[in-house]
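Novice: only the shape, not the letters, is given here:
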Ligand SMILES: [Zn+2]
Ligand SMILES: [Zn+2]
């Protein structure tokens, strides 16, 4: 099995390379030690109450080695 891109920050399901994933639009969720990736929009939805963002959206991306988290 090829190396996974990341695991979903919510359900811990592996996200395979070259498949779609979602990230949070909020910069603190994409910098530093914590780079959140979600396998589905519903997992991103589940992240919102824990993160208390005022304005956030889910950004669809394709998992690639360049963006490995
Ligand atoms: Zn998930
Ligand atoms: Zn977030």
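Specialist: Noted; the coordinates are in hand. Remember, it's a predicted structure, so these values are computed and weren't measured experimentally. Ligands and ions are numbered 1, 2, ... in the order given.

Novice: how much space separates residue 15 from residue 50?
Specialist: Distance, residue 15 to residue 50, using CB to CB, to the nearest Å: 19 Å. From N, CA and C alone the C-beta is placed, and that goes for glycine too.

Novice: other SSEs contacting the host helix or strand of residue 23?
Specialist: Residue 23 belongs to strand 20-24 when assigned by DSSP states H and E. Strand 20-24 sits against helix 41-51, strand 58-62, with contacts defined as 3 or more CB pairs under 8 Å, 6 or more residues apart in numbering; DSSP states H and E.

Novice: may I see the buried residues of the first one?
Specialist: Going back to what we said before, that points to helix 41-51. 43, 44, 47 (16 or more other CB atoms under 10 Å).

Novice: which among those gets closest to ligand 1?
Specialist: Nearest to ligand 1 among the buried residues of helix 41-51, counting by CB to the ion, is residue 43 at 3.3 Å.
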